[in-house]
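> Test case, fold it:
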Amino acid sequence: MKSKNAVLLFISILILLFLTYCAKEELKPTLAVTPSGEKWVNHTLNKMTVEEKIGQMVCSRFSGQFYHFQNPNLQDLESLVEEQKIGGLIMFGGEIYEAARLINSLQEKADVPLLIASDLERGLGNQIGEATLFPPLMSIGATRSEELAYQMGKITAVEARAVGIHLTYAPVVDVNINPQNPIISTRSLGEDPEQVARLAAAFIRGCQENGLMATAKHFPGHGDTDVDSHSELPVVEGDMERLNSVEILPFERAVQAGVQAVMTAHIHVPVLDPTPNLPATLSPVIIGRLLRDKLGFDGLIVTDAMGMGGVTSLYSPEEAALKAVKAGVDCLLLPPETEKVIETLAARVKKGEISETTINSSVRRILTAKAKLGLYKKKLVDIEALDRVIASQKHIQKAEKAFRASVTLVQNKGDILPLSCEDKKISVFSLSSDKGDFYAGRTFIEEVKKRCDSVHEFYADAMTGEKFIEEAVEKSSDSDLRVISLFSSLRARKGSVGLDERHVELINELAEDEIPLLVISFGSPYFLKSFPEVEGYVCAYRRASIAQRAAVEAVFGEIGFQGRLPVSIPGLYERGHGIVLKAKESSQKTNL
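Sure, this is the predicted structure:
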């Protein structure tokens, strides 16, 4: 009896120690189906009507903001969940507490747990302002660091799951080999397929080892386009050898890394499917034969937004949804006229135009994803824990490290860098090629002013008049150095990430002057093609305030330049170029 009691006591101590460890260490969630999860999937699928199954395949948008309970937008959202039985929601913007509370509320109204997704290409801060924000993936490419890619994925996962998000539409694994690409650009890890694949796999591991499903996008590869698929259907040319070695390789590696979802692209790839004007999203050859059969991917296949011009310019919402489902996609994202699409697809199933076996296969994958996430056991998040998880000092420091490590010194004629303010007058220009973006470089200029007593500042956007620009040039004529910060946003339907021609003319005019000129790109690294004669050129890849502060720290020698170009600048520099410059010994900043 004593021996038995001793054993029980020993087991009790082990259990207590284990529970204490769990409480302190927060064991990592795993994305695997347990026997109970498999049982839940089977039970849930078997009791669904055709309409409910189709509903599971549809994902609609919402904003994580405050709504009065009688707000029509909230009522429409609740109707989609309660009446249309949609399977998922995609968050576009919001606030931390409002998003978590709204997600909890909608989960409580859902018979089947909702799969909540969001585009978190730069961390949760990509959608929620106070959450941790990382640089764009091209910055991670500039660091060449798998560790930073992994940490980015991990922190994104921890913060996303805290507010109730289960799936991120990231990473972009498109290989950006076209400098004119108007929509991928700095969202890509670079132009080298091997590096893109390596860093993307690290990001995927970071996400999924911490409970957030990742999505490789945009299959079969959107990097070699000069048209925005939000507006029209781009065409990707090239033979099979090129496609296999460039576009498809990162997707193959992502599948091997265990990525849980793949997003299709609204692009036409004639060598893969010659059917005229057929987006990859609607192609049984590309979705079924290539992605499912050849690459062996059995996770979730999700469409890019079905309201984009690459689809809507050619097909009605109902026809596009029908073709996508027949092609083999599992989730229809943001289809126009959601209720009508669900009704139409359900009717086509009942008529036998779509096999219910096909529908069952997709819904099983969706339910399996929810089971892997443990949503059948716990679908609500702890609101009280948010301020202990999101935007912690540790997370912010990791993000800042990524921003600083990516700043790239491309050109430094005459060794104008690092800068010094001693007995010098500096003119700083902030030039944005976007309308209404007048103060894009405010953080940059304010940081320069903290370090220099004599600073002439000038702001301009795409609407600023020629006379105003001429006056600014005249006022800077007695400067010892001119510094230009350049901004051009990357956004849907803009059509270009290029620069305002007047700003290009201004830079080339100033480059001919004897006053040294330093240009810093807070966007595309390709800007240098337009003014190769400038003395200094730095790439910071994104306009975020953290990027602007990191750039100032680097140009003043407070941190070193470590970044390397993840893309080539045609006719000027090859991929991998970057001038390594150590921090000044007297600097108080840490060279990360």
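> in this structure, which spans are strands?
Under the criterion DSSP state E, strands of the chain are mapped to 58-64, 88-94, 115-118, 167-168, 215-219, 261-264, 300-302, 332-333, 408-412, 426-432, 455-460, 481-487, 517-521, 536-539.
> Which elements pack onto the fifth one?
Here strand 215-219 touches helix 248-256, strand 261-264, going by 3 or more C-beta pairs under 8 Å, 6 or more residues apart in numbering; DSSP states H and E. Heads up, the C-betas are built off the backbone N, CA and C, glycines and all.
> Distance from stretch 224-233 to the middle of the chain?
Chain-centre distance of stretch 224-233: 18 Å, with C-alpha atoms, centre = their mean, to the nearest Å.
> before we move on, what about stretch 193-202?
15 Å.
> Could you list the buried residues of that stretch?
Neighbour-count burial for stretch 193-202, counted by 16 or more other C-beta atoms under 10 Å, picks out Pro193, Gln195, Val196, Ala197, Arg198, Leu199, Ala200, Ala201, Ala202.
> got it, and stretch 219-231?
Buried, per 16+ other C-beta under 10 Å, within stretch 219-231: Phe219, Pro220, Gly221, His222, Gly223, Asp224, Thr225, Val227, Asp228, Ser229, His230, Ser231.
> How much space separates Ile546 from Glu400?
To Glu400, Ile546 is 6 Å away according to C-beta to C-beta, to the nearest Å.
> pLDDT weak spots in the stretch 401-550 of the chain?
Across the stretch 401-550 of the chain, residues meeting the criterion (pLDDT under 70) sit at 491-496.
> Spell out the residue ranges of the helices in it.
Taking DSSP state H, counting those that start in this stretch to define them, one finds helices in the stretch 401-550 of the chain at 442-451, 466-475, 501-511, 545-555.
> I'd like to know which of those helices lies nearest to Ala162.
Nearest of the helices of the stretch 401-550 of the chain to Ala162, taken as C-beta to C-beta: helix 545-555 at 21.0 Å.
> Report the distance from that closest one to the chain centre.
The answer for helix 545-555 is 21 Å, by C-alpha atoms, centre = their mean.
> how far off strand 481-487 does that helix point, in degrees?
Relative orientation of helix 545-555 versus strand 481-487 (axes from the mean of the first three to the mean of the last three C-alpha atoms, to 10 degrees): 150 degrees.
> Now helix 545-555: buried residues?
For helix 545-555, burial by neighbour count (16+ other C-beta under 10 Å) applies to Ile546, Ala547, Gln548, Arg549, Ala550, Ala551, Val552, Glu553, Ala554, Val555.
> circling back: if you compare the helices of the stretch 401-550 of the chain, which one is most tucked away?
Highest mean neighbour count of the helices of the stretch 401-550 of the chain: helix 545-555, a mean of 24 (counted as mean count of other C-beta atoms under 10 Å).
> From the contact counts, what lies against that helix?
Against helix 545-555 (3+ C-beta pairs under 8 Å, 6+ apart) you get helix 393-406, helix 442-451, strand 481-487, strand 517-521, strand 536-539.
> Throw these into CSV and include distance to Tyr97, thanks.
CSV is the format used below for the helices and strands packed on helix 545-555 (distance: least, C-beta to C-beta, whole Å):
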stretch, distance to Tyr97
helix 393-406, 18
helix 442-451, 26
strand 481-487, 31
strand 517-521, 36
strand 536-539, 36
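> Can you say which of those is packed in most?
strand 536-539 (a mean of 27).
> So which residues make contact with that one?
With contact meaning C-beta atoms under 8 Å, 6 or more residues apart in numbering, strand 536-539 is reached by 142, 407-413, 416-417, 516-521, 525, 528, 551, 554-555, 561, 563, 565.
> what do you get if the cut-off is 6 Å, keeping everything else the same?
Defining contact as C-beta atoms under 6 Å, 6 or more residues apart in numbering, one finds that strand 536-539 is touched by 408-412, 416-417, 518-521, 525, 528.
> Which residue is the nearest non-sequential neighbour of Ala547?
Leaving aside its sequence neighbours, Ala547 sits nearest to Ala540 (C-beta to C-beta, 6 or more residues apart in numbering; 4.7 Å).
> now Gln84
Spatial nearest neighbour of Gln84, excluding adjacent residues (C-beta to C-beta, 6+ apart): Gly55 at 5.3 Å.
> Enumerate every residue touching that neighbour.
Counted by C-beta under 6 Å, 6+ apart, Gly55 has contacts Gln84, Lys85, Ile86, Ile342.
> For those, pick the one with the most neighbours.
Tallying neighbours with other C-beta atoms under 10 Å puts Ile86 at the head of the contacts of Gly55, with 27 neighbours.
> can I assume that one is in contact with Val58?
Yes: taking C-beta atoms under 6 Å as the definition, Ile86 is a contact partner of Val58 at 4.8 Å.
> what's the closest of the helices and strands packed on strand 215-219 to Gly296?
Across the helices and strands packed on strand 215-219, closest to Gly296 is helix 248-256 (C-beta to C-beta), at 6.5 Å.
> So for the closest one, mean pLDDT?
For helix 248-256, mean pLDDT is 98.
> in it, what counts as buried?
By neighbour count on 16+ other C-beta under 10 Å, the buried set for helix 248-256 is Ile248, Leu249, Pro250, Phe251, Glu252, Arg253, Ala254, Val255.
> from those, which single one is nearest Ser188?
Pro250 (9.8 Å).
> Okay, the closest one and Ala197: tell me how far apart.
From Pro250 across to Ala197, the span is 4 Å (C-beta to C-beta).
> burial of Gln65, as a residue count?
Counted with other C-beta under 10 Å, Gln65 comes out at 16.
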